[in-house]
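A.B. asks: sequence? don't have it. structure:
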């Protein structure tokens, strides 16, 4: 789901506006990075260079913050983000086998995106519905009481 | 000034209230061990080597970041502290590549020294090692993360002092790494090759790309006529590698040593510094008269040049078109000298001895060549030259003095001071003043452009025309100065910028001085003294009085900025992206 040029330009305009509003605040870097993460789903080198220039902070420092906190991503997320819960309840009910099957079906690891940009797998702990364990979410769709054998058919829906 | 009284190891001291315990201890002649601390550069309390015990404090405290307090009682040396420091060293060693004998910093490593002092004789915590890579793609600098101890001194030098940000700290915990973003090579980063990170590194995680093998190969090749040239700052720093006092000038011994190493001719980059003044001074007068881009900015420092190309491309028209002095000399060696000596330029191999790692990158620039031959074939740092001298068994300290070879070996005091911040400006003013006014300059010393202030300014009266000049050293200061010019707050006609703080005498290719010594002295000023005293002792102190330079113009170049001079001695610059994306 590639963005059009106009959509990208609009997102950059929004980021620029946010930076202008907040750049004089102490500790503006992390909120600005969060805004960029929210807008683009990840922080590209181009985005980090823009933030660097506007806030006069070296790109290497922004990269350091981005790799320190798990909430930032440096690679684009796929159209569908798959979160297989590996929290305690799901784990004891065999979530690892489900996660392994997802990885096998898609040929990618956790934190990675398929080459066609369709799916990403995201590290996930508790999703808050332990009664359905093991659970996974694909964007906002919840799938519970999973068996590894269910995975193939579920992925085929997307 | 507010002061406080405290006792350290039972010794009463009175120090300014803004001191840290580490600084206060020095007043009592106590050196608390440090590893991540580098005065004025990095004070972050990360390595936990400078731990002290403070009466009433909950735990041991890092003295480099702990302020003094009235009535404080501090201990810096007891069994508990010695044990804590030793364990910290053992922990650092557990994740460190301990191939000391083959390490470039063996014998000059702060970690090795501390391990010796604390009697670390085994490795009780050997376990996993973090993933580490070696980046040797840059022509100037090698980063070896297997040796990195994450002290962040290099990061502070690159980001806080130089304001470049080529390297940073990524990830967290055991996976913490120092390096470029996305695991890039320095070669693809905004790195300007200044090598200040090398000077900051306490261990062997950063060093220059070694070119000694290339130079040995040329010296061993009977078909090659190998010519060497040392920069001004080399004579002010090389002695330190042989245990001589900081600030000792070793010009005569340097020449002797180079000859003994087997170089066929020993010419002097100082000669080319005088030549640079003739070209650059003429260029400046031309721009003042004909309305060229002003302020004109010097172009001797290849670190500064790359910084300008990456960070301030709008100032590229302001850069002097002059090649840097050693590049000029390379071009002259392969033309004028080759012709005079009857040698095919293809058979000449030019080696520059430089206080600089950026010169290695510069020497490979395509545009710094004539007829397909690079002006300079190899660049060695002062440290690399010292290793060659030691390797050859030359007893450097006892060497007799010798003189540079004619016809490219004479220099004036103006050429000598190029190695200190403000030196190029002062040398230029000496010549420009006499050319414009026709008067003899009685006092050749321009005190306003000397010294180690980050930005220096002066106004010079040339027969009623006031010329405003400025000097900045270190790209952090250059950034501040250029931003003021950009905002229209400052207006100059001529600016000198050197990429390294202090200029060439503290360039990234000079001898490495440990953090403790740097706590007590201003290295920039101490080394500059060697150059200023050599200048003061010279009979001729103005570039245009250099007889060999005059002969070069008479026999070969015609006049400064002539067509031939332009072909050989001038160059151009290109805007560069900060990151090379692949």
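C.D. replies: Alright, I've got the coordinates. All values reported here derive from a predicted model rather than from experimental measurement.
A.B. asks: so what's the residue of chain A found nearest chain B closest to, chain neighbours aside?
C.D. replies: When Cβ to the nearest Cβ is the measure, chain A has its nearest residue to chain B at residue A:58, with 2.3 Å between them. Every C-beta, even on glycine, is put in place using the N, C-alpha and C of the backbone. The spatially closest residue to residue A:58, leaving aside those adjacent along the chain, is residue B:165, at 2.3 Å (Cβ to Cβ, 6 or more residues apart in numbering or on different chains).
A.B. asks: am I right that that neighbour is in a strand?
C.D. replies: No. Counting by DSSP: H, G, I helix; E, B strand; the rest coil, one finds residue B:165 to be coil, located in no strand.
A.B. asks: look at it and report its pLDDT.
C.D. replies: Residue B:165 is assigned 97 on the pLDDT scale.
A.B. asks: contacting residues around it?
C.D. replies: Listed by Cβ atoms under 8 Å, 6 or more residues apart in numbering or on different chains, the contact partners of residue B:165 are A:52, A:58-61, B:158-159, B:190.
A.B. asks: just the element for the residue of chain A most remote from its centre, please.
C.D. replies: In terms of distance from the mean C-alpha position of chain A, residue A:24 ranks first, at 28.5 Å (Cα atoms, centre = their mean). Counting by DSSP states H and E, no helix or strand carries residue A:24.
A.B. asks: ok, now which ones touch the residue of chain A closest to chain B?
C.D. replies: A:52, B:159, B:163-165, B:168.
A.B. asks: state the pair within those that is farthest apart.
C.D. replies: B:163 and B:168 (12.9 Å; Cβ to Cβ).
A.B. asks: comparing these two, which shows the higher neighbour count?
C.D. replies: Using other Cβ atoms under 10 Å in any protein chain shown as the criterion, residue B:163 and residue B:168 rank with residue B:168 on top: 24 against 18.
A.B. asks: sec struct for the residue nearest the centre of chain A, please.
C.D. replies: Nearest to the mean C-alpha position of chain A, by Cα atoms, centre = their mean, lies residue A:77 at 5.2 Å. Following three-state DSSP, the label given to residue A:77 is coil.
A.B. asks: go on, residue A:65?
C.D. replies: Per three-state DSSP, residue A:65 ends up helix.
A.B. asks: I figured it hits residue A:32, correct?
C.D. replies: No. Between residue A:65 and residue A:32 there is no contact under Cβ atoms under 8 Å: 10.4 Å.
A.B. asks: of these two, which one has the most company?
C.D. replies: Counted by other Cβ under 10 Å, residue A:65 and residue A:32 do not tie: residue A:32 has more neighbours, with 24 against 18.
A.B. asks: pretty sure that one is touching residue A:52, no?
C.D. replies: No. Between residue A:32 and residue A:52 no contact is recorded; they are 10.5 Å apart, counting by Cβ under 8 Å.
A.B. asks: would you mind measuring from the residue of the stretch 101-250 of chain B found nearest chain A to residue B:497?
C.D. replies: Closest to chain A within the stretch 101-250 of chain B is residue B:165: 2.3 Å, counting by Cβ to the nearest Cβ. Per Cβ to Cβ, to the nearest Å, residue B:165 is found 19 Å from residue B:497.
A.B. asks: residue B:307 now?
C.D. replies: 9 Å.
A.B. asks: can you list residues touching both of those two?
C.D. replies: Shared contacts of residue B:307 and residue B:497, defined by Cβ under 8 Å, 6+ apart, are found at residue B:478.
A.B. asks: quick one, which of the two is more surrounded?
C.D. replies: Remark: of residue B:307 and residue B:497, residue B:497 carries more neighbours, 30 against 27, as counted by other Cβ under 10 Å.
A.B. asks: do you have the strands of the stretch 401-550 of chain B handy? List them.
C.D. replies: B:455-462, B:465-473, B:494-498 (DSSP state E, counting those that start in this stretch).
A.B. asks: what does chain A give?
C.D. replies: A:80-85, A:119-124, A:136-138, A:141-143 (DSSP state E).
A.B. asks: leaving out chain neighbours, which residue sits closest to the residue most central in space within chain B?
C.D. replies: Chain B has residue B:507 as the residue nearest its centroid, 0.5 Å off, counting by Cα atoms, centre = their mean. Computed as Cβ to Cβ, 6+ apart, the closest residue to residue B:507 that is not its neighbour in sequence is residue B:355, at 3.8 Å.
A.B. asks: wait, the one you found touches residue B:237, no?
C.D. replies: Yes. With contact defined as Cβ under 8 Å, residue B:355 and residue B:237 form a contacting pair (6.2 Å).
A.B. asks: which neighbours do the two share?
C.D. replies: Contacts common to residue B:355 and residue B:237, judged by Cβ under 8 Å, 6+ apart, are B:382, B:505, B:510.
A.B. asks: now the last one: how far from residue B:238?
C.D. replies: This means residue B:510. Going from residue B:510 to residue B:238 by Cβ to Cβ gives 9 Å.
A.B. asks: give me the more crowded residue out of those two.
C.D. replies: residue B:510 (31 against 28).
A.B. asks: and for whichever residue of the stretch 301-450 of chain B sits closest to chain A, the neighbour number?
C.D. replies: Closest to chain A within the stretch 301-450 of chain B is residue B:311: 10.3 Å, counting by Cβ to the nearest Cβ. Neighbourhood size, residue B:311 [other Cβ under 10 Å]: 19.
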